[in-house]
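Peer 1: got a sequence here, can you build the structure:
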Amino acid sequence: MSELSQLDYEHLIKRVIEFNPNANLEIIKKAYEFIKKAHAGQKRESGEDYIQHPLRVAYVLAKLELNSVTIAAGLLHDVIEDTNTTAQKIRDEFGEEIAYLVRGVTKITKLKFESKEEKKAENLRKVLFATAKDIRVILIKLADRLHNMQTLRYCVPEKRERIATETLEIYVPIAHKLGIYLIKSELEDLCLRFLHPDIYTFIAAKVSEKKDEREQKIIELIELLKLKINEIEIPIYAIQGRAKSFHSIYNKMNKKNKSFEEIYDLLALRIITNSIENCYKILGLIHSNWVYIKSEFEDYIANPKPNGYQSIHTQIMLNKKPVEIQIRTLDMHRESEEGIAAHWRYKGTDRDKKFDRKISWLKQILEWKRNSTNAVDFIETLKIDLFKDEIYVITPKGEPIALPEGSTPVDFAYEIHTNLGNLCKQAKVNNLIRPLDYVLQSGDIVEIITQKKVKPSRQWLNFVKTNLAKSKIRQSLGLVIKEKKKDNFQHSKDLLDMVITDIDKKMVRISKCCNIENGTKIVGFKTKDNRVHIHNSDCPNVKELDQNKLINMQLTEQKEDLIKFNITVKDRIGIAMDILSAISTKGINIKSINMKEHRGNTIVSIKIDIAKLTPEQLNDLILEIKAIRDVVDLNQI
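Peer 2: Here you go, the predicted model:
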């Protein structure tokens with residue numbers, strides 16, 4: 001092991017002690033000694049000792065001020081995948097908590113995949129489902145990805161482009177959703193560097209041209225602000241100058257079609273004080289002493305962003321050029337830099353409402369898992385639906401809710417709660433009754449009016465935007481929508497839920513004007529080339545066809561070979577998630593899940609259908625589920 005590794009370890013310990021003098025350093029030291037042996041002799045593509053990578057990953061976690069167990073797991077995160085160490089060995093040496101975190105970020109190696117794309121997608125799906133049980137899994141994965149991006153220059157060009165693209169499409173949006181600006185902004189700049197090197201170099205050169213001149217003006221402004229704030233005796237922790245990231249400059253040039261010379265706010269000031277009241281007092285001081293741009297004022301303290309971000313943003317004119325100023329409390333500052341990691345301090349891991357709001361998007365992942373036949377489709381859905389442009393609408397209680405652009409009151413209702421969606425009768429938007437297909441805008445205040453005996457309408461599927469809403473509506477109506485192949489033929493037994501009796505399926509075509517669903521009454525018409533076109537029985541086009549060529553047809557269900565479990569558990573928060581995670585982390589497809597309470601709500605029955613397994617896989621899964629805390633019994637139906 002090199003002296004550099006020892007220095008990195010000492011640097012890590014120093015950082016841990018800085019934010020937590022009472023940290024459990026023994027578990028970190030034990031993990032460090034373990035990886036020294038496990039990774040001995042291994043090298044990275046950069047030529048440095050492999051141990052440098054887990055040390056840097058652990059340091060990122062320490063910067064986020066996570067607890068000792070998480071930092072130890074960061075040190076150990078590659079040992080199962082890249083050494084001869086087994087998961088059982090980690091469990092024996094470090095306990096189940098660390099073993100779970102390490103398993104969560106370990107790639108699947110035992111299963112065979114048809115393509116590299118499928119393998120990559122399945123591994124990411126595994127990480128996200130482990131994250132649903134313990135958010136620290138994705139925090140370790142983000143720290144891992146950050147260091148990999150920092151050393152990406154040592155990879156061949158094709159690999160650089162592939163990893164940078166995946167980072168921009170998946171990991172940057174996840175960091176944004178979790179509010180971790182520290183990681184998000186650096187990942188974005190690194191992606192720009194490797195995907196658009198010419199643009200990155202151009203912006204870097206332009207930023208450095210007049211850097212000294214700009215910084216001198218900011219220093220003068222900081223001193224003047226300190227003087228004026230001291231005059232009204234408001235305590236401040238810091239006034240910082242912050243340079244805009246290269247990626248944010250690039251985005252602004254793109255979106256507003258401006259040249260670099262037209263982007264003035266390359267530097268921003270951040271004022272950190274001790275209370276919300278003093279944030280507003282400082283705002284009043286600034287607006288009374290400088291000309292400010294009204295259109296650029298944003299109050300994210302009164303109206304936080306859905307990822308929890310809070311701060312006041314304003315822009316003042318300084319030497320005829322705008323300067324952005326952000327005002328926030330110390331807690332808001334930590335939240336904006338570290339996001340969800342701020343909820344995982346060494347003092348404890350209690351979950352609060354703010355924490356639950358931050359991970360609400362993970363609920364959608366569980367819904368998609370149920371309806372996703374393969375990992376590639378799952379990841380594409382994730383990229384297209386979850387991370388597209390968002391709007392922020394407000395509940396009657398003032399809570400912001402993030403939704404995709406084009407969302408409707410029905411999407412909003414299901415985002416809040418399944419029953420609110422299922423019982424939705426009317427919607428008020430900004431205190432006015434609006435149709436349920438009304439397209440919401442950012443800032444709308446939305447109220448859902450319910451009625452006990454109403455049910456979702458099949459028509460809702462024509463206008464809702466979120467997969468969560470679509471999934472819940474289909475479940476409520478008992479529908480399973482089949483996917484149509486590009487040529488409108490349905491041959492694949494992986495997409496077909498239904499089969500058509502008495503007709504050769506190769507000769508059957510679903511007419512473009514119709515959507516055939518479970519329970520739909522159908523008719524068929526024979527064409528000159530002996531093919532059969534299927535229509536809904538109430539399709540208007542049926543009346544125009546030759547009734548002599550009508551064929552009576554019906555749909556029958558295609559039974560899938562499944563394994564069915566009935567699991568009896570003691571009711572507690574997270575028990576279902578523990579069971580789902582145990583199944584999904586093994587790459588097993590969950591087909592359905594149903595929960596039923598009984599015995600005074602203290603005992604719950606969970607029925608789960610999964611895809612067929614080998615006897616060895618089945619035995620391994622049963623043992624793992626039975627080992628979960630509060631699992632009373634497991635029977636295979």
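
Peer 1: for the rest of this, base every contact and every neighbour count on C-alpha atoms.
Peer 2: Fine.

Peer 1: quick one: furthest residue from the center of the protein?
Peer 2: Farthest-out residue of the chain from its mean C-alpha position, per CA atoms, centre = their mean: Asn548, at 54.6 Å.

Peer 1: does that one count as helix, strand or coil?
Peer 2: Here Asn548 is recorded as helix under DSSP: H, G, I helix; E, B strand; the rest coil.

Peer 1: just confirm Asp212 is within a strand.
Peer 2: No: applying three-state DSSP, one finds Asp212 to be helix, outside a strand.

Peer 1: and it, how close does it get to Ile249?
Peer 2: Going from Asp212 to Ile249 by CA to CA, to the nearest Å gives 18 Å.

Peer 1: neighbour count winner among these two?
Peer 2: Applying other CA atoms under 10 Å to Asp212 and Ile249 shows that Ile249 carries more neighbours, namely 17 against 11.

Peer 1: which pLDDT value goes with the more buried one?
Peer 2: In this model, Ile249 is scored at 81, pLDDT.

Peer 1: same check, this time on the one 5 residues further on
Peer 2: Asn254 carries a pLDDT value of 75.

Peer 1: count the residues that sit near it.
Peer 2: For Asn254, using other CA under 10 Å, the count is 11.

Peer 1: likewise for the one 3 residues further on?
Peer 2: Asn257 has 10 neighbouring residues, counting by other CA under 10 Å.

Peer 1: could you do Tyr171 as well?
Peer 2: 22.

Peer 1: give me every residue that touches it.
Peer 2: Taking CA atoms under 8 Å, 6 or more residues apart in numbering, we find Tyr171 in contact with Leu142, Arg145.

Peer 1: could you look up the SS state of Ile271?
Peer 2: Put simply, Ile271 is strand when judged by three-state DSSP.

Peer 1: against Val631, how distant is the most centrally placed residue in the chain?
Peer 2: A centroid search over the chain (CA atoms, centre = their mean) returns Ile174, at 4.4 Å, as the residue closest to the centre. Applying CA to CA, the value for Ile174 to Val631 is 32 Å.

Peer 1: pLDDT wise, what is the residue nearest to the centre of the chain at?
Peer 2: pLDDT, Ile174: 84.

Peer 1: same deal with Ile379?
Peer 2: 68.

Peer 1: can you list the domains in the chain?
Peer 2: Residue ranges for the domains of the chain, per automatic domain parsing: 3-202, 206-339, 389-477, 498-557, 562-636.

Peer 1: comparing these by mean pLDDT, which bottoms out?
Peer 2: Taking the mean pLDDT of the domains of the chain, domain 498-557 comes last: a mean of 69.

Peer 1: which stretches of the stretch 401-550 of the chain form strands?
Peer 2: Ranges of strands in the stretch 401-550 of the chain, per DSSP state E, counting those that start in this stretch, are 424-429, 432-434, 446-450, 498-500, 508-510, 522-526, 532-536, 550-552.

Peer 1: in CSV: the ones you listed, plus mean neighbour count and distance to Leu142.
Peer 2: CSV is the format used below for the strands of the stretch 401-550 of the chain (neighbours: other CA atoms under 10 Å; distance: least, CA to CA, whole Å):
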stretch, mean neighbour count, distance to Leu142
strand 424-429, 20, 38
strand 432-434, 13, 41
strand 446-450, 20, 34
strand 498-500, 17, 41
strand 508-510, 20, 44
strand 522-526, 20, 50
strand 532-536, 22, 49
strand 550-552, 13, 57
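
Peer 1: what's the closest of those strands to Tyr181?
Peer 2: If you check each of these against Tyr181 by CA to CA, strand 446-450 wins as the nearest, at 29.1 Å.

Peer 1: from Ser68, how far out is Tyr100?
Peer 2: For Tyr100, the distance to Ser68 (CA to CA) stands at 15 Å.

Peer 1: so what sits opposite Tyr611 in the bridge?
Peer 2: No Tyr there; residue 611 is Ala. In this entry, Ala611 is beta-bridged to Leu562, by DSSP bridges.

Peer 1: packing partners for the helix or strand where the residue nearest to the centre of the chain lies?
Peer 2: Ile174 is part of helix 172-177, with elements assigned from DSSP states H and E. Counting contacts by 3 or more CA pairs under 8 Å, 6 or more residues apart in numbering; DSSP states H and E, helix 172-177 is packed against helix 181-195.

Peer 1: can we see that at 10 Å?
Peer 2: helix 136-150, helix 181-195 (3 or more CA pairs under 10 Å, 6 or more residues apart in numbering; DSSP states H and E).
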